[in-house]
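Asks: Here is my input, please return the structure:
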Amino acid sequence: MLALFFWRYEVKVAVITGASAGIGKRLAFEFAADGINVALVARREEMLEAVRVQILEQYKIQVMVIVADLTADQGPQSVFDSLRDHEVSHLVNNAGFGTNGLFWELDRQKELRQIGLNISALTELTHLFLPQMVKRNSGNILNIASTAAFQPGPNMSVYFATKAYVLSFSEGISSELSGTGVKVTAHCPGATHTEFADVAGVNDKLLFKAGAATVDSVAKHAYLSMSKGKVVAIHGLKNWLLAFSVRFTPRFLIRSLAKVITK
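Replies: Modelled structure (predicted):
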């Protein structure tokens, strides 16, 4: 882990993981537009530095870059240690990736890294930063889940399962935090035009061919939902209807439909 830019005095800061591109990057600009200092976390140093420069060209805030591999044993802890002298007012757990294919044919270590990033790192970072927020009686945690959280996902079984965890975990701790002044939001976008599709190898799947949202619209909706203190927020009417319909659809049919759009 390497901190490239830092402050020498205590300031409030929003920590954003996966901030080098996609939804995380755009969320950094949403915070910056509101005058909130940001700490950008990801593995790719050059891309993080480029985001930092772009933000500083537009907004008069302070930007911290933390290069960290959140799947490493000490990854989340290194992020926390870098911010011990700062008041973390917001935590955005956005980092994550997906894979596509038959589970038994996919690389086992990559699947485990996916679980490590999508679940373990998110859980550990929340556990590290949450006590400070509870003690101050204020704070926001924004966990980027997915509409994948509402049903199983053949051909993307691990990814869908990790997002189900994010949704359930977020709702659970949100209830625990009632009356503390700390708010937790699980934001659930559908298919979105980011590099996620390239990494997961799903650009040519019906899931994306049927129409994907812009990253700007998703980031704005996520930020607004967090600001309003929503516990679960689904981006887009189509996605909301699909997620709601799962409650009344036989499970075998849900599995069959999910298999079609991811195959």
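
Asks: For the residue nearest to Asn137 when sequence neighbours are not counted, what are phi and psi?
Replies: Nearest-residue entry for Asn137: Gly181, 3.8 Å, with adjacent residues in sequence omitted and distances by Cβ to Cβ, 6 or more residues apart in numbering. C-betas here are computed from N, CA, C, even on glycine. Dihedral pair for Gly181: phi 90, psi 0, per degrees, to the nearest 10.

Asks: mind listing what Gly181 touches?
Replies: By Cβ atoms under 8 Å, 6 or more residues apart in numbering, the contact set of Gly181 is 133, 136-139.

Asks: Please tell me how far it sits from Ser174.
Replies: Taking Cβ to Cβ, to the nearest Å as the measure, Gly181 falls 13 Å from Ser174.

Asks: follow-up on the earlier one: filter the contacts of Gly181 down to the ones in strands?
Replies: Counting by DSSP state E, the contacts of Gly181 place Gly139 in strands.

Asks: who wins for neighbours among the contacts of Gly181?
Replies: Highest neighbour count within the contacts of Gly181: Met133, with 24 neighbours (other Cβ atoms under 10 Å).

Asks: Distance of it relative to Phe244?
Replies: From Met133 to Phe244 the distance is 31 Å (Cβ to Cβ).

Asks: Now name the helix or strand holding the closest residue to Arg26 other than its chain neighbours.
Replies: The shortest distance from Arg26 to any non-neighbouring residue, by Cβ to Cβ, 6+ apart, is to Ala219 (3.5 Å). Using DSSP states H and E, Ala219 sits within helix 215-227.

Asks: How far does that helix sit from its chain's centre?
Replies: The chain centroid and the centroid of helix 215-227 are separated by 12 Å, computed with Cα atoms, centre = their mean, to the nearest Å.

Asks: Show me which residues of that helix are buried.
Replies: Under the neighbour-count criterion of 16 or more other Cβ atoms under 10 Å, helix 215-227 has 215, 218-223, 225-226 buried.

Asks: Need the residues that contact stretch 120-137.
Replies: Stretch 120-137 is contacted from outside by 15, 17, 70-71, 75-77, 79-80, 87-89, 91, 93, 95-96, 139, 141, 143, 166, 169, 173, 177, 180-182, using Cβ under 8 Å, 6+ apart.

Asks: could I have that stretch exported to CSV, CA atoms only?
Replies: This file holds the C-alpha atoms of stretch 120-137, laid out as CSV (Å, rounded to 0.1, in the frame of the first residue of the first chain):
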residue,chain,number,x,y,z
SER,A,120,-14.5,-10.1,2.7
ALA,A,121,-12.9,-6.7,1.9
LEU,A,122,-16.3,-4.9,2.1
THR,A,123,-17.1,-6.6,5.5
GLU,A,124,-13.6,-5.8,6.9
LEU,A,125,-13.6,-2.2,5.9
THR,A,126,-17.1,-1.7,7.3
HIS,A,127,-16.0,-3.3,10.6
LEU,A,128,-12.9,-1.1,10.7
PHE,A,129,-14.5,2.3,10.0
LEU,A,130,-18.0,1.8,11.6
PRO,A,131,-17.0,2.1,15.3
GLN,A,132,-15.7,5.7,14.6
MET,A,133,-19.0,6.6,13.0
VAL,A,134,-21.1,5.1,15.8
LYS,A,135,-19.0,7.0,18.4
ARG,A,136,-19.6,10.3,16.6
ASN,A,137,-23.3,9.5,16.0
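
Asks: where are the low-confidence patches of this protein?
Replies: Applying pLDDT under 70 to the chain picks out residues 1-11, 193, 195-211.

Asks: quick one: the helices in it?
Replies: In the chain, the segments counted as helices under DSSP state H are 22-33, 45-58, 75-82, 108-115, 122-136, 157-176, 196-200, 206-209, 215-227, 237-245, 251-262.

Asks: Please identify the most buried of those helices.
Replies: Comparing those by mean neighbour count (mean count of other Cβ atoms under 10 Å), helix 22-33 comes out on top with a mean of 23.

Asks: sorry, back to before: now the helices of the chain as a markdown table including distance to Cys188?
Replies: A markdown table is the format used below for the helices of the chain (distance: least, Cβ to Cβ, whole Å):
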| stretch | distance to Cys188 |
| --- | --- |
| helix 22-33 | 12 |
| helix 45-58 | 24 |
| helix 75-82 | 23 |
| helix 108-115 | 18 |
| helix 122-136 | 14 |
| helix 157-176 | 7 |
| helix 196-200 | 14 |
| helix 206-209 | 15 |
| helix 215-227 | 9 |
| helix 237-245 | 7 |
| helix 251-262 | 15 |
